[in-house]
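Q: I'd like to go over a predicted model; first the sequence, then the structure.
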Amino acid sequence: MNFRQFAFNNVLRRKRTYAAHFMSSSFAVMIFFIYSVLLYHPDLQGQIAASSPTASMLGTMGLKISQYLIVIFSFLFLMYSAGAFLKARKREFGILMLLGMSDKQYRRLIFVENMIIGLLSTVFGIGFGILFTKLFLLITERLLVLQKGLEFLVPIQSVIITTGAFFIVFLLLSILASRLGRKSQLLELIRSDEKPKKEPKASVLLSLLAAILLLAGYGMVFYFVLGRAFSLALLAAAIGCVILGTYFLFTQLSVYVIRALRGRESLLLRKINLLTLSDLAYRMRDNANMFFMVATVTAVALCGMGTCLAIGDPKLSEKDNPYAFIYESFGGDSESLAQNERQTKQHLALLEHRLSEGGFAYTKGASHIKYTEDWQSVMSLSEYNQLATTLGFSAETLHAPSEAFIASGKVSRAQNVTAFEPVVDLGNVAPDEKQRKLTVVKRLPSFVLNNYNDVYVVSDDYFQAMIRMKDDTNQVTYYYVIPNWIDTISAAQSVMKEIPQDTQGHYYIRSLVIEWYEFKQLNGLLLIISVLVGGVFFTYAVSFIYFRLYADLERDEKQYQMISKIGLSGKELNRLVTRQLLLMFFLPFAIALVHGIVAFINIALLLDISMLKAALLIYISFFLLQLTYFLMIRWRYLRHMHLKLT
C-alpha cells in the first residue's frame with residue numbers, strides 16, 4: 001500500500017465523520033454551478049434584458065456577488081472544519097508519529113486527504129448540478145414569469161469556472177491545513193483525549209453585557225424605522241451590537257444561566273438533571289463559537305428569503321399603483337395645450353383600441369391639475385370623487401366654496417404624514433383676492449392620485465372660476481382601472497412600442513403590468529439568489545452541528561459506558577441524549593428566530609407591507625428541515641450508542 005492509498009483509506013475509514021463535510025461542500029459546489037448556468041444561459045439573459053435592462057444588469061451583478069459569497073464562505077467553513085478535524089485527530093497523529101511518521105509525511109498526508117475530499121466534492125457537486133439544472137430552469141421560468149421557456153443547456157463556461165474556482169479553494173485549504181504542522185509534543189498528542197477539562201466559567205459583567213447589547217441593537221433598529229432616522233452608521237451600529245450580543249450570549253450568558261441552574265439543588269437532584277446540567281455547561285463552552293456562527297448564518301438566511309418572498313406579492317404593486325394605465329399630458333399656455341390635446345387623443349384612442357381588441361373592460365377617469373405660483377397642485381372635487389369611487393373609496397363632500405381637503409401624494413403616504421396646515425393660500429390662481437385663502441378640513445391618505453406631492457381638492461364651482469380667470473390646466477392625467485390588469489401584458493407591450501416615451505416631457509405613459517413584470521423579475525432573481533445562498537448557509541450550519549457531535553463521539557462513548565455501569569438505563573440514556581441534541585440543534589435556531597422576528601417587524605413597518613405570510617412560510621420550512629435532520633441524527637446517534645453499550 002503506497003502513501004496515496006493510505007491517505008485514501010484514511011478518508012474511507014472516517015467516512016462517518018467526513019460525511020457532513022463532504023455533503024455540504026458538494027452542495028456548495030452544486031449551487032455555485034447552478035448560478036453559473038443561470039449567469040451564462042443565453043435564453044435567460046436575452047429574455048430578461050428584453051423586458052427590463054435594469055433587472056438584467058442587477059441580476060447579473062447579484063449572481064456574481066453570490067458566487068463570490070459562496071466561495072468565500074466555503075473557504076472559511078472548510079478552514080474551520082479542517083482545523084477542528086486536526087484537533088480531533090491528535091491521538092491518531094500521535095500514534096502515527098510514534099510509528100515513525102515525519103513532519104513532511106504528516107503535512108503530505110493532510111494535503112492529500114483534503115485534496116481527495118475536495119476533488120470528490122467538486123465532481124459530485126457538478127454532477128448533481130447537471131442533474132438538477134432542468135428543475136432549477138423550470139423554477140426560474142416560473143419565478144421570473146418568462147413568456148418563453150428555458151432550453152435545457154449546460155454552458156461549458158459553467159463547468160470550467162466551477163471546477164477552477166473550487167480547485168483553487170481546496171488547493172489553498174490543503175496547503176494551509178498541511179502547514180498547521182506538529183506544534184504539540186508526542187506524549188501530549190497521544191494523551192490528548194485523557195486531559196481533564198477545566199470547569200467552565202462565565203463573567204457576570206459579560207453576561208449582563210450580552211443582554212444589554214441585544215436590547216440596544218433591537219432598540220436602535222426600531223428607532224431607525226419608527227423614528228425615521230435613516231442613518232447607515234446607526235444601522236451598522238445596531239447590527240454590530242446584535243452580532244456581539246449573540247456571541248456573548250453563547251459564550252458567557254448561557255454558561256452563567258446553566259451554572260445558576262446547577263446551584264438549585266431541588267432542580268439539580270431531580271432524575272437525570274444532574275447528568276444533563278453537568279455536561280451541558282461543558283458542551284455550551286466547547287460549542288459556543290459554533291452556536292454563534294450557526295445562529296448568525298441562519299438569521300441572515302431567514303431574513304433574506306422572507307423579505308424577497310414578501311415584496312414579490314403582486315398586491316404590493318397594486319397597492320403602490322392601483323391603475324392599469326396612467327397617461328399624463330403636460331403643457332403650459334393654451335397654445336401648448338392645444339398641440340398636446342391632438343396627440344393625447346391619438347394616444348388614448350390607440351390605447352383604448354388595444355384594450356378593446358384584447359377584450360378588457362375598463363373604467364376611465366381624469367384629473368385636471370392647476371399649479372399655484374409656489375407649485376401647489378389643485379383639482380376639482382367631482383374628478384376626485386370619480387376616481388375614488390372607481391377604486392372603492394367613498395365620495396367626499398365640501399360644504400362651502402371656501403373649503404378644501406388634501407389628497408396625500410406619494411411622498412406623504414410613504415412618510416405616513418397626517419398633519420396639515422389649516423389654511424392654504426392659492427395666490428395668483430385664485431378667482432379673486434378675497435378667495436385666495438381656503439380652509440383645509442382634512443387630509444386623506446388613500447391612494448387615489450398618482451402625484452408625488454399633495455393635491456388640494458376644491459369645489460367644482462371654485463375650480464371652474466379658476467379656469468374662467470385663466471384657462472391653462474398645467475397637467476391632465478388619464479387613469480384606467482382594469483380588474484384583471486395582470487392579464488394585459490400583450491396589450492401593454494404593444495401600446496408601449498407604439499407610444500414611445502417622450503424625451504421632451506410633453507407626455508408620460510406607464511403600465512402597471514409591465515412595471516409589475518419588471519419588479520417580479522428583479523425580485524425573482526433576488527429570491528433565487530437568497531434561497532440558494534440561504535440553502536448553502538443552512539447546510540453549512542447543520543454540518544457544524546453534525547461535525548461537533550461526531551468529533552466528541554469517542555469521548556461520549558466512554559462517558560456513557562461509565563455511567564451505564566452505575567445504573568443508567570436505556571430510556572434514561574435516550575432522554576439524556578435527546579436533551580443534549582435538542583440544545584445543539586434548536587438553541588441557535590431559536591436565537592435566529594428572535595433576530596428574524598425583529599427584522600421582519602421592522603421591514604413590515606418600513607415598507608408598509610405584511611410580512612406574516614412570508615415569515616411563517618420560511619420559519620415553518622426551516623423548522624421542518626431542522627426537525628427532520630434532528631430526528632435522523634438522533635436515531636443514528638442513539639443506535640450507535642446502544643450498540644456500543646451492549
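A: The structure has been received and is ready for your questions. Bear in mind the structure is a predicted one, so any value in this text is a computation, not a measurement.

Q: Could you check how many residues crowd around residue 346?
A: The number of residues packed near residue 346 is 11, by other CB atoms under 10 Å. No exception for glycine: its C-beta is placed from N, CA and C like everyone else's.

Q: repeat for residue 211
A: By other CB under 10 Å, the residues close to residue 211 number 13.

Q: Might one say that it is in contact with residue 253?
A: Yes: Residue 211 is within contact range of residue 253, at 6.7 Å (criterion: CB atoms under 8 Å).

Q: Next one: residue 157 from residue 164, what distance?
A: The spacing between residue 157 and residue 164, counted by CB to CB, to the nearest Å, is 10 Å.

Q: typo on my end, it should be residue 258
A: Here residue 258 is placed at a distance of 47 Å from residue 164 (CB to CB).

Q: And those two? Which one has more around it.
A: Using other CB under 10 Å as the criterion, residue 258 and residue 164 rank with residue 258 on top: 23 against 11.

Q: what about the residue lying closest to the more buried one once chain neighbours are set aside, how many neighbours?
A: Of all residues not flanking residue 258 in the chain, residue 281 sits nearest, at 4.6 Å (CB to CB, 6 or more residues apart in numbering). Look at residue 281: counted by other CB under 10 Å, it has 21 neighbours.

Q: ditto for residue 170
A: Neighbours of residue 170 (other CB under 10 Å): 24.

Q: Leaving out chain neighbours, which residue sits closest to it?
A: Distances taken as CB to CB, 6+ apart put residue 118 closest to residue 170, at 2.7 Å, once the chain neighbours are dropped.

Q: Let me know the pLDDT of that neighbour.
A: On pLDDT, residue 118 comes in at 87.

Q: wait, doesn't it sit right on residue 166?
A: Yes: if you go by CB under 8 Å, residue 118 and residue 166 touch, sitting 7.0 Å apart.

Q: Among those two, which residue is more densely surrounded?
A: Counted by other CB under 10 Å, residue 118 and residue 166 do not tie: residue 166 has more neighbours, with 27 against 21.

Q: so what's that one closest to, chain neighbours aside?
A: Nearest to residue 166 is residue 122, by CB to CB, 6+ apart, at 4.7 Å.

Q: residue contacts, that neighbour?
A: By CB atoms under 8 Å, 6 or more residues apart in numbering, the contact list for residue 122 reads 29, 162-163, 166-167, 170.

Q: OK, contacts around the residue nearest to residue 258?
A: Residues in contact with residue 281 (CB under 8 Å, 6+ apart) are 200, 255, 258-259, 262.

Q: what about the strand or helix carrying it, distance to the chain center?
A: For residue 281, the element it lies in under DSSP states H and E is helix 273-311. Taking CA atoms, centre = their mean, to the nearest Å, one finds helix 273-311 lying 18 Å from the centre of the chain it belongs to.

Q: How about stretch 33-46?
A: Relative to its chain's centre, stretch 33-46 lies at 21 Å (CA atoms, centre = their mean).

Q: What score does residue 194 have for pLDDT?
A: On pLDDT, residue 194 comes in at 48.

Q: what's the pLDDT at the residue nearest to residue 40 when sequence neighbours are not counted?
A: Among residues not flanking residue 40 along the chain, residue 155 sits closest, at 3.9 Å (CB to CB, 6+ apart). Looking at residue 155, its pLDDT stands at 85.

Q: Wait, residue 155 touches residue 35, no?
A: No: checked against CB under 8 Å, the pair residue 155 and residue 35 is beyond contact range at 11.7 Å.

Q: Those two - which one has more neighbours?
A: Between residue 155 and residue 35, residue 35 has the larger neighbour count (other CB under 10 Å), namely 25 against 15.

Q: Surely the more buried one and residue 531 touch.
A: No: using CB under 8 Å, residue 35 is not in contact with residue 531; the gap is 11.7 Å.

Q: What's the per-residue pLDDT of the spatially most central residue of the chain here?
A: Taking CA atoms, centre = their mean, the centroid of the chain lies closest to residue 304, which sits 0.7 Å from it. The model reports residue 304 with a pLDDT of 73.

Q: From residue 533, how far off is it?
A: 7 Å.

Q: before we move on, what about residue 130?
A: Per CB to CB, residue 130 is found 20 Å from residue 533.

Q: elements contacting the one helix or strand residue 468 maps to?
A: For residue 468, the element it lies in under DSSP H and E is helix 460-469. If you count contacts as 3 or more CB pairs under 8 Å, 6 or more residues apart in numbering; DSSP states H and E, helix 460-469 packs onto strand 363-371, strand 377-380, helix 381-390.

Q: any idea how far the closest residue to residue 589 other than its chain neighbours is from residue 301?
A: Excluding the flanking residues, the one nearest residue 589 by CB to CB, 6+ apart is residue 626, at 5.7 Å. The gap separating residue 626 from residue 301 is 12 Å, by CB to CB.

Q: Would you map the helices across the stretch 501-646 of the chain?
A: 512-551, 553-565, 570-607, 612-645 (DSSP state H, counting those that start in this stretch).

Q: Deepest in the core, which of these is it.
A: Of all the helices of the stretch 501-646 of the chain, helix 512-551 carries the top mean neighbour count, a mean of 22, counting by mean count of other CB atoms under 10 Å.

Q: Let's test this: mean pLDDT of it, rounded?
A: pLDDT averaged over helix 512-551 gives 76.

Q: Any idea which helix or strand in this structure has the lowest mean pLDDT?
A: Lowest on mean pLDDT, DSSP states H and E among the helices and strands of the chain sits helix 186-190, with a mean of 49.

Q: per-domain residue ranges of this structure.
A: If you go by automatic domain parsing, the domain ranges for the chain are 1-195, 321-515.

Q: Of these, which shows the lowest average pLDDT?
A: domain 1-195 has the lowest average pLDDT among the domains of the chain, namely a mean of 76.

Q: what's the distance between it and the middle of its chain?
A: How far domain 1-195 lies from its chain's middle: 23 Å, per CA atoms, centre = their mean.

Q: that older thread, need the helices of the stretch 501-646 of the chain in TSV (columns: distance to residue 483).
A: Output for those, formatted as TSV (distance: least, CB to CB, whole Å):
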stretch	distance to residue 483
helix 512-551	12
helix 553-565	63
helix 570-607	25
helix 612-645	23
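
Q: which stretch among those helices comes nearest residue 296?
A: Each of the helices of the stretch 501-646 of the chain has some distance to residue 296 by CB to CB; the shortest is helix 570-607, at 7.7 Å.

Q: check contacts around residue 630.
A: Neighbouring residues of residue 630 by CB under 8 Å, 6+ apart: 581-582, 585-586.

Q: List just the nearest of those residues to residue 559.
A: The closest of those to residue 559 turns out to be residue 581 (CB to CB; 15.1 Å).

Q: thought that closest one was touching residue 636?
A: No: the pair residue 581 / residue 636 is not scored as a contact, 10.9 Å apart, by CB under 8 Å.

Q: the helices in the stretch 351-500 of the chain, which residues?
A: Remark: helices assigned in the stretch 351-500 of the chain by DSSP H, counting those that start in this stretch are 381-390, 410-414, 460-469, 489-498.

Q: Of all these, which one is nearest residue 292?
A: Comparison of the helices of the stretch 351-500 of the chain against residue 292 by CB to CB identifies helix 410-414 as nearest, at 37.0 Å.

Q: So which elements touch that closest one?
A: Contact partners of helix 410-414 among helices and strands, from 3+ CB pairs under 8 Å, 6+ apart: none.

Q: got the angle for the helix or strand containing the residue nearest to residue 166 vs helix 512-551?
A: Here residue 122 is covered by helix 103-143, with elements defined by DSSP H and E. Taking axes from the mean of the first three to the mean of the last three CA atoms, to 10 degrees, helix 103-143 and helix 512-551 form an angle of 150 degrees between their directions.

Q: For stretch 459-470, list the C-alpha coordinates in CSV.
A: Output in CSV follows, covering the C-alpha atoms of stretch 459-470 (Å, rounded to 0.1, in the frame of the first residue of the first chain):
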residue,chain,number,x,y,z
SER,A,459,-65.3,72.5,-5.0
ASP,A,460,-66.3,72.4,-8.7
ASP,A,461,-67.6,76.0,-8.6
TYR,A,462,-64.3,77.3,-7.3
PHE,A,463,-62.2,75.2,-9.8
GLN,A,464,-64.4,76.5,-12.7
ALA,A,465,-63.9,80.0,-11.5
MET,A,466,-60.2,79.4,-11.6
ILE,A,467,-60.4,78.1,-15.2
ARG,A,468,-62.5,81.1,-16.3
MET,A,469,-60.0,83.5,-14.9
LYS,A,470,-57.0,81.8,-16.6
